[in-house]
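A.B. asks: Any chance you can model this:
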Amino acid sequence: MGWLSCAEIWVLIVVLLVSGLCVYKKIWMMMMMMVKREKEEEREEEERGERKNGGEGVLGVPKGSWGWPVIGETLEFIASGYTSKPVCFMDKRKSLYGDVFRTHILGKAIIVSTDADVNKVILQNHGNAFIPCYPKSISELLGKSSILQMNGPMHKKMHTLIGVFLKSPQFKDRITLDIEKAVKLSLSTWMDKGCQVFVQDETKKITFEILVRVLMSIGPGEEMNVLKREFEEFIKGLICLPVKFPGTRLYKSLKAKERMLKMVDKIILERKMGMDNKKTDNKEELPNDAIDVLLRDASAEYSGDQQMRVPLDFVAGNIIEMMIPGEETVPTAMTLAVKFLSDSPVALAHLVVRNA
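C.D. replies: The predicted structure is shown next:
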């Protein structure tokens, strides 16, 4: 077969373009029909609800929009996060549908409440009327053994185990010194950064290292740097499109989690062997970190209630999950504290005197 001439190549390109446009047109028409059908069903549902409630709207389902088929309103929701006003997605729908509205984002149909009284009722959750549910990307990334997926006694037990450890006097004395060292080390590097210091980035470094030490007793070094790098890749997938094809954000985050699990599993295995050796020597020490706490409960010898002990294969995943506050929640709170204290010299002066 010889080479195609220029004319034949142009004809082939035109044919391919026309064919592609025809396919695109068919897909577009199918999507439009699906949207039209969905809107008709919504309108019929609203009419039925109004007849039942005497014109007050659909019983139990607030007004709103499900958006496009499959993706819903996810693209607009994510895009709003990159604007100067990230809350514009919520504000727009609040003005259209009221304080409580429905939408479809991140693979799930949800109801959004911006009403303080409604939120209070939901958070109090009397009689366990509400069961926690999270976006598909979060459920996929954290897995079935996640604390977020636990309900009832096991969820309560996990909180109790970690809470008792964090409140212990021995832990407080040790972690206070670790925090002081980490803050002094970080502050000593600020002089080399010129005139600008990004407080949130600096607090992320401090809180992550301290939290990893609390969870796994890992100090500064190459292992900490690798863990930090993998964790940053992992956490990017918490809010993303729930698609895990190779190359997608969720796929990359899942791979990062696999690498982290191998690192944590190695530490758990070494720690478990150390615990077994101490049992043969009849030596029992206080837990040094969160891994020690969970491993003791997972071991039959330490756990009083055999049915309620933490499964051993849950430990690694939950340790990774407990690292999340060190990346987002705590640094954000600390940054806001610095900002508000800077804006209020009187409050700052009182704080300095009180902690002098």
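A.B. asks: can you pull the contacts of the spatially most central residue of the chain?
C.D. replies: Residue closest to the mean C-alpha point of the chain, counted by Cα atoms, centre = their mean, is residue 238 at 4.6 Å. Contacts for residue 238 were tallied using Cβ atoms under 8 Å, 6 or more residues apart in numbering; they are 137-138, 141, 253, 324. C-beta: built from backbone N, CA, C; applies to glycine.
A.B. asks: Export these as CSV, with columns for distance to residue 262.
C.D. replies: Below are the contacts of residue 238 laid out as CSV (distance: Cβ to Cβ, whole Å):
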residue, distance to residue 262
137, 22
138, 22
141, 16
253, 15
324, 19
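A.B. asks: if we can go back for a sec, what's the separation between the residue nearest to the centre of the chain and residue 246?
C.D. replies: Distance of residue 238 to residue 246, given as Cβ to Cβ, to the nearest Å: 19 Å.
A.B. asks: same deal with residue 116?
C.D. replies: In terms of Cβ to Cβ, residue 116 sits 44 Å off from residue 246.
A.B. asks: Per-residue pLDDT of the nearest residue to residue 143 once chain neighbours are set aside, please?
C.D. replies: Closest residue to residue 143 apart from its sequence neighbours, by Cβ to Cβ, 6 or more residues apart in numbering: residue 317 at 5.7 Å. Listed pLDDT for residue 317 reads 86.
A.B. asks: how about low-confidence regions in the stretch 151-300 of the chain?
C.D. replies: Where the stretch 151-300 of the chain drops to pLDDT under 70, the residues are 151-152, 193-195, 278-285, 299-300.
A.B. asks: Tell me where the protein has strands.
C.D. replies: For the chain, the strands defined by DSSP state E occupy 100-105, 108-113.
A.B. asks: The last one versus strand 100-105: what angle between them?
C.D. replies: Taking axes from the mean of the first three to the mean of the last three Cα atoms, to 10 degrees, strand 108-113 and strand 100-105 form an angle of 150 degrees between their directions.
A.B. asks: For strand 108-113, which helices and strands make contact with it?
C.D. replies: strand 100-105 (3 or more Cβ pairs under 8 Å, 6 or more residues apart in numbering; DSSP states H and E).
A.B. asks: re the thing from before, didn't the residue nearest to residue 143 look like it was pressed against residue 148?
C.D. replies: No: contact between residue 317 and residue 148 fails when scored by Cβ atoms under 8 Å: they sit 10.9 Å apart.
A.B. asks: which residues do these two both contact?
C.D. replies: residue 142.
A.B. asks: So which of those two has more stuff around it?
C.D. replies: residue 317 (20 against 14; other Cβ atoms under 10 Å).
A.B. asks: Tell me which residues touch that one, please.
C.D. replies: 142-143, 145-146, 261.
A.B. asks: and if you look at residue 342?
C.D. replies: By Cβ under 8 Å, 6+ apart, the contact list for residue 342 reads residue 348.
A.B. asks: Likewise for residue 341?
C.D. replies: By Cβ under 8 Å, 6+ apart, the residues touching residue 341 are 347-348, 351.
A.B. asks: Tabulate the residues you listed (TSV), appending neighbour count.
C.D. replies: What follows is those, written out as TSV (neighbours: other Cβ atoms under 10 Å):
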residue	neighbour count
347	12
348	14
351	13
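A.B. asks: Mark which of those residues are part of helices, please.
C.D. replies: 347-348, 351 (DSSP state H).
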